[in-house]
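*Asks:* using only what follows, build the 3D model:
(2 chains)
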Amino acid sequence: MLDSLIIKNFRSLADFEVAKLGRVNLIVGKNNAGKSSVLEALRIYAGNGQRELLDSISAEHDERYRTKDAERAEPDAPLPFQDFFTSRHFPGDDDTAIQIGSARNSEDVLRVQHVFLAEEREPVVDEVGETSIRIRRRIVPKTQLQAEVGELRQALQITKAEKRYPPFFLDTGYSRLRPPVFEATNTIPCSVIPTQFISTDELADEWDKIALTEYAEVVKQAMRIIAPEFENLNFVRNDEGRPAARPVFQRSAKVKLSDVLRPVPLNSLGDGMLRVLQLALKLFPAKGGFLLIDEFENGLHYSVQEKIWALLFEMAERLDIQVFATTHSWDCIESFTKVAVARTDVDGVLFRMGRSVRTSDSGRIIATSFDEAALANITQADVEVR
Amino acid sequence: MSTKNILLVEGEADRGFFEVLCRILGIAADVRVAIPKDTDSGAHNTKQGVLSHLTAALLPQLQDGQLDRIGVVVDADRVAHGSGYPVTLQRFADALAQAGYQLKPAAASGLIFSHQDGLANLGLWIMPNNADEGMLEDWIKACVHPAEAGLYQHGEASIDSIPGGPKFQPWHRTKAEVATWLAWQKKPEHGLYNAVQPDLLNTDEPLFKELQAWLVDVFAP
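*Replies:* As a prediction, this is how the structure comes out:
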């Protein structure tokens, strides 16, 4: 669990800090204040910044993550991942890197650094006299690029604590064979609930992992918050409207309600049920790590939000999950506040993101935090989010 | 109201009073009069509530421009009760120093704190006059219109002649006087805000003019 948070040089967050995080954290702020960037930064931190993760985050934004083959020879072609860096280009110096992690413990910080690598091939003779070529790579300081005679390749270098991961090159194209995937060690479980709905197949996979366990009961309990008549849930093969010639294995969720004899499709019960199912199912893979919820209130009527928060606080504590959720809604803040104040044993923190008006800050994005004591005292007018 | 300026006062009676005062001074559109949210009634006295709300909920919100200007009005209360003007000023000045504010040496009116890193000035007024013990009612008493002096004195005399003496504590004497005086007005059933009328308060009284100048200085400089 992160005790505090710094994010530096990542997207619009040039120098962002939250002095104290809670177990459950609610992030508010206007559009474009950087709320989603915080969630992304946490994904990168949890996944140790490995390439597949960066690829998929870039793809979500239609940002470049591979160099096109046709552009490989062009020196000025735009490179992948530039958009991750503040002001959307790679830093001109060696010190500026994306940093994500604890504000209190510099050991617990992930660094993403843009580097130039020189490659040297040297023959190596092994014990039985066979000669092979070993590639040695070294980072060339950006001030000495002109003096370098050999070929330079641009790469991202990831470090976390003392661990340095193999760099990945920015000039690899779509067509090139994938580089060997290094098993990223020390990653933190991280479950993401996006603003859009998650595919039923993905949910079905999560359900399979917990079916017939005590956690399945937690999911059912969550469903009953929205629909007290809910009895049970299953995922079945969906052949509805699919020509037999093109069988695609796809599943859909069926629900048993106490007042209907036959199972009914979950999709016929409204957005709230679907959202709660996503929240509940995505809880368990977050065990021991992060649960990231973009726009908590999506699909949830204000009258049920307090119960959902209560469930999240309870399960977060039980499964050692740190929750980060964003919202635009006062109802959501109010229900979060009620539960945070009532659950004295579970730390809840609300922080609002906005631009500093301090002269020395030159408009950087900062966090204004409200811990439980402050939360008990705030009113809607105090935490306007529109 | 979407105004980014807050005048923080101790309780509902004070809020009503200052809402009317801001209205007649023509700055009501610029100021939202607020009180600490009453969540733990009895746990804190109201001045402590103001200080907690100021430091925990309001000061942080100046940093990202969610709030622009803050004024605070509290009672000095009594020295004998561990409060009074110097103690009250010290408590607020200490809390504000942690947020980067320094008391300006000679403000034209009231108490003004300036910020070292670009935030707007913050105003503090300690009732009645930023010097003596007392409360809002002492300020009202000092500003009673000369035409009302006779009625006010009649109230004082009536309190003096209560058979068996008054039930209230001696330090609530001015509260009782102001309440008695207001009880004998055209609209007897109203609160402190009813005192804010041109024929009841003397707008030429220096103390009235100073509070007015302070409000304008804090919220509409």
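
*Asks:* show me where chain B has its strands.
*Replies:* B:5-8, B:32-34, B:69-75, B:101-103, B:111-115, B:122-127 (DSSP state E).

*Asks:* report pLDDT for the residue at minimal distance from the centre of chain B.
*Replies:* Centroid check for chain B by Cα atoms, centre = their mean gives B:Val73 as the closest residue, at 3.8 Å. According to the prediction, B:Val73 has pLDDT 98.

*Asks:* now do the one 3 residues further on
*Replies:* Confidence at B:Ala76, expressed as pLDDT, is 97.

*Asks:* who touches the closest residue to it other than its chain neighbours in this structure?
*Replies:* With sequence-adjacent residues excluded and distances taken as Cβ to Cβ, 6 or more residues apart in numbering or on different chains, B:Ala76 is closest to B:Tyr85, at 4.5 Å. The way it works is simple: take the backbone N, C-alpha and C, and place the C-beta from them, glycine included. By Cβ atoms under 8 Å, 6 or more residues apart in numbering or on different chains, the contact set of B:Tyr85 is B:Ala76, B:Ile126, B:Asn130, B:Ala131, B:Asp132, B:Glu133.

*Asks:* picking that back up, closest one to A:Phe197 among the strands of chain B?
*Replies:* Judged by Cβ to Cβ, the one of the strands of chain B that comes nearest to A:Phe197 is strand B:32-34, at 39.8 Å.

*Asks:* who does that closest one pair up with?
*Replies:* Within its sheet, strand B:32-34 is paired with strand B:5-8 (parallel), according to DSSP bridges.

*Asks:* from the contacts of B:Tyr85, which is closest to B:Val33?
*Replies:* Nearest to B:Val33 among these, counting by Cβ to Cβ, is B:Ile126 at 17.2 Å.

*Asks:* apart from its chain neighbours, what residue comes closest to the closest residue to chain B within the stretch 201-350 of chain A?
*Replies:* The minimum distance from the stretch 201-350 of chain A to chain B, using Cβ to the nearest Cβ, falls at A:Val341 (8.5 Å). Nearest non-adjacent residue to A:Val341, counting by Cβ to Cβ, 6+ apart: A:Ala376, 5.1 Å away.

*Asks:* how about the strands in the stretch 1-150 of chain A?
*Replies:* Shown for the stretch 1-150 of chain A, the strands assigned by DSSP state E, counting those that start in this stretch span residues A:5-10, A:13-18, A:24-29, A:98-101, A:109-125, A:131-140.

*Asks:* can I get those strands in JSON lines including mean pLDDT and distance to chain B?
*Replies:* Output for the strands of the stretch 1-150 of chain A, formatted as JSON lines (pLDDT from 0 to 100; distance: least, Cβ to the nearest Cβ, whole Å):
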{"stretch": "strand A:5-10", "mean pLDDT": "98", "distance to chain B": "16"}
{"stretch": "strand A:13-18", "mean pLDDT": "97", "distance to chain B": "12"}
{"stretch": "strand A:24-29", "mean pLDDT": "95", "distance to chain B": "9"}
{"stretch": "strand A:98-101", "mean pLDDT": "97", "distance to chain B": "21"}
{"stretch": "strand A:109-125", "mean pLDDT": "91", "distance to chain B": "24"}
{"stretch": "strand A:131-140", "mean pLDDT": "87", "distance to chain B": "38"}
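
*Asks:* make TSV out of the strands of chain B and add distance to A:Val192.
*Replies:* What follows is the strands of chain B, written out as TSV (distance: least, Cβ to Cβ, whole Å):
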stretch	distance to A:Val192
strand B:5-8	38
strand B:32-34	38
strand B:69-75	39
strand B:101-103	42
strand B:111-115	40
strand B:122-127	42
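
*Asks:* and these: which comes nearest A:Val128?
*Replies:* strand B:111-115 (74.9 Å).

*Asks:* that closest one - contacts with which helices or strands?
*Replies:* Under the contact criterion of 3 or more Cβ pairs under 8 Å, 6 or more residues apart in numbering or on different chains; DSSP states H and E, strand B:111-115 touches helix B:85-98, strand B:101-103, strand B:122-127, helix B:206-219.

*Asks:* out of those, deepest packed?
*Replies:* Among those, ranked by average contacts under mean count of other Cβ atoms under 10 Å in any protein chain shown, first place goes to strand B:122-127 (a mean of 24).

*Asks:* surely A:Ile225 meets A:Lys307?
*Replies:* Yes. A:Ile225 is within contact range of A:Lys307, at 4.5 Å (criterion: Cβ atoms under 8 Å).

*Asks:* in chain A, which residue sits furthest out from the middle?
*Replies:* A:Gly129 (49.1 Å).

*Asks:* which secondary element of chain A has the worst mean pLDDT?
*Replies:* Counting by mean pLDDT, DSSP states H and E, chain A has its least confident helix or strand at helix A:372-375, which shows a mean of 80.

*Asks:* look at A:Asp205 and give its secondary structure.
*Replies:* helix (DSSP: H, G, I helix; E, B strand; the rest coil).

*Asks:* count of neighbours near it?
*Replies:* As a burial measure, A:Asp205 scores 14 neighbours (other Cβ atoms under 10 Å in any protein chain shown).

*Asks:* who's more crowded, A:Ile225 and A:Lys307?
*Replies:* Neighbours were counted for A:Ile225 and for A:Lys307 using other Cβ under 10 Å; A:Ile225 has more, 21 against 18.

*Asks:* closest one to A:Thr86 among the strands of chain B?
*Replies:* strand B:111-115 (27.3 Å).

*Asks:* any idea of the angle that closest one forms with strand B:69-75?
*Replies:* 140 degrees (axes from the mean of the first three to the mean of the last three Cα atoms, to 10 degrees).

*Asks:* flag every residue of chain B that's near chain A.
*Replies:* B:1-2, B:32, B:34, B:36-37, B:39-40, B:52-53, B:56-58, B:60-66, B:117-119 (Cβ under 8 Å from any Cβ of the partner chain).

*Asks:* if you set the cut-off to 10 Å instead, what comes out?
*Replies:* B:1-4, B:6, B:32, B:34, B:36-40, B:49, B:52-53, B:55-68, B:100, B:115-120 (Cβ under 10 Å from any Cβ of the partner chain).

*Asks:* so which residues of chain B form helices?
*Replies:* Per DSSP state H, chain B carries helices over the ranges B:12-24, B:46-53, B:60-63, B:85-98, B:136-142, B:149-160, B:173-183, B:206-219.

*Asks:* and those helices as TSV, adding mean pLDDT and distance to A:Ala147?
*Replies:* Below are these laid out as TSV (pLDDT from 0 to 100; distance: least, Cβ to Cβ, whole Å):
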stretch	mean pLDDT	distance to A:Ala147
helix B:12-24	94	69
helix B:46-53	90	61
helix B:60-63	91	45
helix B:85-98	97	51
helix B:136-142	97	75
helix B:149-160	97	90
helix B:173-183	97	83
helix B:206-219	96	61
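
*Asks:* before we move on, the earlier item: surely the residue nearest to A:Val341 touches A:Thr337?
*Replies:* Yes. The criterion here is Cβ atoms under 10 Å, and A:Ala376 meets it with A:Thr337 at 7.6 Å.

*Asks:* the more surrounded of these two?
*Replies:* A direct count of neighbours by other Cβ under 10 Å for A:Ala376 and A:Thr337 places A:Thr337 higher, at 23 against 18.
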